[in-house]
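Trainee: give me the fold of what follows.
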Amino acid sequence: MQRLVVTLSLALLLSSSVGDAAKIVVVPLFGKSHVFVMDFLSGELIRRGHEVKILVEKANVLPNMKTPVDIYTIPEPFDEYEVSVKILRENKFIEGMNKFLKLQNDHCNGLLNNSRIMKAYLDYDLVISDRMFMCNTLFAQAIGKQNVLYSTGGFGLSRGVLGNPYPLSYVPQMSTTFTPEMNLLQRCINVLVYLIGEIVYRVMFDPMTENLMRKFNISTHLSGADLDNTPSLVLLPVDFALEYPRPVLPNVKIVGPLTPRPASPLPSDLEKFVNESPQVVLVSFGTILDGLSDEKIAILLEAFNKLPYKILWKSKNVDLKTGKNVKIVKWFPQNDLLGHNNVVAFVTHCGHNSMYEAAYHGVPVIGMPVFGDQPDNLQQLLRRGVAVGLNTGNLTVDGVINAIKTVVTDDRYSQKMKELSIAIKSRPRTPLQTAADWIDYVLISNGAKHLRHPSKIWLLLVYLQVIYVKIDNEQQENCKTEGSMITLTIALLFLSSSVGDAAKIVVAPMYGKSHVLAFDLLSEELIRRGHEVTMVVEKVNILPNMKTPVDIYTVSKPLDEHEISVKYLRENKLIEGFNELMKLQFDHCHDLINHSLTMKTYLDYDLVISDRMFLCNILFAQAIGKPNVIYSTGGFGHTRGLLGNPHPLSYVPLIGTAFTPDMNLLQRCINVLAYFGFEFIARFKLDPMLEKLCCKFNISTQLSIKDLDYTPSLVLLPVDFALEYPRPVLPNVKVIGPLTPRPASPLPSDLEKFVNESPQVVIVSFGTVIDDLSDGKIAILVEAFNKLPYKILWKSKNVDLKTGKNVKIVKWFPQNDLLGHNNVVAFITHCGHNSMYEAAYHGVPVIGMPVFGDQPDHLQQLLRRGVAVGLNTGNLTVDGVINAIKTVVTDDRYSRKMKELSVVIKSRPRTPLQTAADWIDYVLISNEVNKFYDDLVRTPNAICFSNTNITWK
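Mentor: Now for the predicted structure:
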């Protein structure tokens, strides 16, 4: 069996075009920490078969480098200690920065002026350069090669690159130490800091860059600012477990921090020292910031000598007189020490690498930031309760002692840092692998030009919310004048940009009230933003109190949810029920297109938003010739093949398999077979129906049905990786979060009265399509419910069933609002998409009774996280139901874990509705969004990526 799978997989690989090994030149910033990171990344590329060289100034060559180096020289090499003395000892910050900029210019000059080097790399394929190095784009432009930027400082140093958005309303500028929850005044300051930064950048950096461009005749038709838009890709070594959430363009990739990794064995002298005490505190201020003033060193030394812990301090001042508990060394392996069990705290300047290495290993921090992004990094740690900060400008012995003791003795710091560590380590692929994947992608796609965006469109988005925050601010009256001034300033800025008007949008959900509900919620947000929205809906699916204007079309045979559910459940005729569903799909699509073309209502509309689960999701937009945003009500499970989005079968289970990412070899083989099974159904069942409609209405007949999958502008996925298995997504597939979960509204009086009669209420619902269980299953549930000591509120059409006093059956209830009630302690559900996320959002543990489709997968996701118990619908017993419910209600672990999950899902910086509307606005603003992809994503290479791990597990 295994040999057969290997043979088949190899055959598939041979049928695909596999890229050759590439020649890559890496250009880090001077400074050993930068060279170290680039050497680390290069090692992974070399492991993949690429030929890699690092260009490095002689003084910065590291011992035991994994990558071959090409050395260049400059008249005055970089002296990290000299710069740190200027900044810290002599407090000459501006002089230190000027020295740093001069070194930047000298190193770039020395590199570009080296004729041997400039000729040596003309036949290379790719440049990887350091965003912090002034020469990062110049070198690539000089040799005419594609360039991948690696931003060693994360987001803070990537502003402006590739036009990446920087929403000042909730993304703080570097060194402001603001959090996303800025008030009006802070937002105004944030805008001013941004503008000042732009001025400084244009006045100081651009002239230096342009002088070098003229001197070496490099892309002289471009300005210094234009160079920011030349890289193919930017790799950001950050993790949203720490970083403030923010939007990123498709060619800005979040890869995760590269330097944190499992600890290696320590040198014997350090191993001996840290094993002498169960509580060791590490101290390091990086490389550039090692030159603290004598006064600060004396304060730290006195404090360290008084502490009851071992102190291991990395410093050039090795001759200082210390107590027996303090050891000073010129260098230590910081990552490996942080991974030692006896290290309980880390005194650091909060540099990027130090912050992430501490978080990765779960070591809480005492932060002493100085400049740049260090104060912001500390603020991120403080916000998550994993650090204590020290004011470097006002350092005292008692302050240092108290800070360290607080972090060491208060378990909350280490506990929260360990939780953060788990989050950072939970990536499906390591940061090194992810970074190398994207570098490979640039090589394969000849620079990933299809990921580019016009950068100027973001000017509106950068400033917009600063205007509107005035409306919601509690101090609106007090800030009226300041708000008006900001509005006036921004209005003047807008005069230089093209700003789009409100759009006309038509929304086409699948029939079925749960689908209409999700689309009505989304439409309401779009209407609130000023858009004109109309929903085309079949008459029987109109909901009471809809917020969206509707355009009603009729079908010869409307959807009868009861009839479909009977076919599925009562009569157990799955194939017949599926065929009936497909016929309904065809009828609804036929009559919708016929209605829209006959009425010609939507020919002047700007955009279609359609439901992925509706057969007509692409055809309707094609029929009226409008851009299309697809909303996938079923999440990832129903997007297979759409826009070429990858589905790696080695670790992403197919819908209906109920596998987890940790599939064994047999499961992976079954997963591949299931994939081909779905492909067979799609090609021989669905495609003929679509082709028939295309021919009848003359819709895009020049395209194949497969080609139609590549026509949408964007796909919105209402999932959250708090529950969803991690997986790759292409740039125009946006994970926005579940739309239907929201804060609970007041309940109807009869339901409020019922749920308030008991502190433990269990609600029961099997959705709309799956509402009709067989009589035998209903009898089992009724008997079980009657025996339970809890109140049971059951949504069912069978309202006449004889039940005990503890059970109430209603035809309908507001599920989301009930799940948000404090007395609801468990939820019996079929594990539909909306039900799963609403339960998770409100922290209510689940008893799952899945039937078909993605429901078994949803239950598996909940089981994997310890927030549910499953029931086998095909083998239901009274005792099984009773035990499952009692287990969930009485075992606190279920509710505790579900509440933790709830916190994660609610922690989004913008709600799913806002995020979805943001991306819809973006499609309307940018005509380029539908140009993300070229034919590359349609090649069979996806099969190679999907099956490789099956062969070599």
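
Trainee: low pLDDT regions in the stretch 751-900 of the chain?
Mentor: Along the stretch 751-900 of the chain, segments meeting pLDDT under 70 span 768-772.

Trainee: strands along that one, start to end?
Mentor: 761-765, 791-795, 807-810, 824-829, 846-848, 868-870 (DSSP state E, counting those that start in this stretch).

Trainee: contacting residues around the third one?
Mentor: By that I understand strand 807-810. Here strand 807-810 makes contact (Cβ atoms under 8 Å, 6 or more residues apart in numbering) with 751, 754, 782, 785-786, 791-796, 798-799, 801, 803. C-beta: built from backbone N, CA, C; applies to glycine.

Trainee: mean neighbour count and distance to residue 98 added to the strands of the stretch 751-900 of the chain, as a markdown table?
Mentor: Below are the strands of the stretch 751-900 of the chain laid out as a markdown table (neighbours: other Cβ atoms under 10 Å; distance: least, Cβ to Cβ, whole Å):
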| stretch | mean neighbour count | distance to residue 98 |
| --- | --- | --- |
| strand 761-765 | 23 | 67 |
| strand 791-795 | 23 | 70 |
| strand 807-810 | 18 | 74 |
| strand 824-829 | 25 | 63 |
| strand 846-848 | 25 | 61 |
| strand 868-870 | 23 | 61 |
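
Trainee: next, format those as TSV and append distance to residue 396.
Mentor: Converted to TSV, the strands of the stretch 751-900 of the chain look like this (distance: least, Cβ to Cβ, whole Å):
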stretch	distance to residue 396
strand 761-765	55
strand 791-795	59
strand 807-810	64
strand 824-829	51
strand 846-848	53
strand 868-870	52
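
Trainee: to residue 895, which of these lies closest?
Mentor: Residue 895 lies closest to strand 824-829 among the strands of the stretch 751-900 of the chain, at 7.0 Å (Cβ to Cβ).

Trainee: tell me what angle the closest one forms with strand 791-795.
Mentor: When axes from the mean of the first three to the mean of the last three Cα atoms, to 10 degrees is applied, the directions of strand 824-829 and strand 791-795 differ by 40 degrees.

Trainee: tell me how far residue 124 lies from residue 892.
Mentor: 60 Å (Cβ to Cβ, to the nearest Å).

Trainee: pLDDT weak spots in the stretch 101-250 of the chain?
Mentor: 160, 162-163, 165, 245-250.

Trainee: so where do the helices sit in it?
Mentor: 115-120, 138-143, 184-200, 206-215 (DSSP state H, counting those that start in this stretch).

Trainee: any idea how far stretch 227-246 is from the middle of the chain?
Mentor: 12 Å (Cα atoms, centre = their mean, to the nearest Å).

Trainee: repeat for stretch 184-197
Mentor: Distance of stretch 184-197 from the chain centroid (Cα atoms, centre = their mean) equals 26 Å.

Trainee: just stretch 40-52 next, same as before
Mentor: 26 Å.

Trainee: out of the helices of the stretch 101-250 of the chain, deepest packed?
Mentor: helix 138-143 (a mean of 22; mean count of other Cβ atoms under 10 Å).

Trainee: tell me what it is packed against?
Mentor: On a contact count with 3 or more Cβ pairs under 8 Å, 6 or more residues apart in numbering; DSSP states H and E, helix 138-143 meets helix 93-112, strand 126-130, strand 146-150, helix 206-215.

Trainee: give the buried residues for the first one.
Mentor: Spelled out, that is helix 93-112. By 16 or more other Cβ atoms under 10 Å, the buried positions in helix 93-112 come out as 96, 99, 103-104, 106-112.

Trainee: out of those, flag the one nearest to residue 370.
Mentor: residue 96 (10.4 Å).

Trainee: what's the pLDDT at the closest one?
Mentor: Looking at residue 96, its pLDDT is 64.

Trainee: same check on the one 4 residues further on?
Mentor: The pLDDT attached to residue 100 in the predicted structure is 77.

Trainee: now do residue 261
Mentor: 94.

Trainee: now do the SS call for it.
Mentor: State at residue 261, reduced to three classes by DSSP: H, G, I helix; E, B strand; the rest coil: coil.
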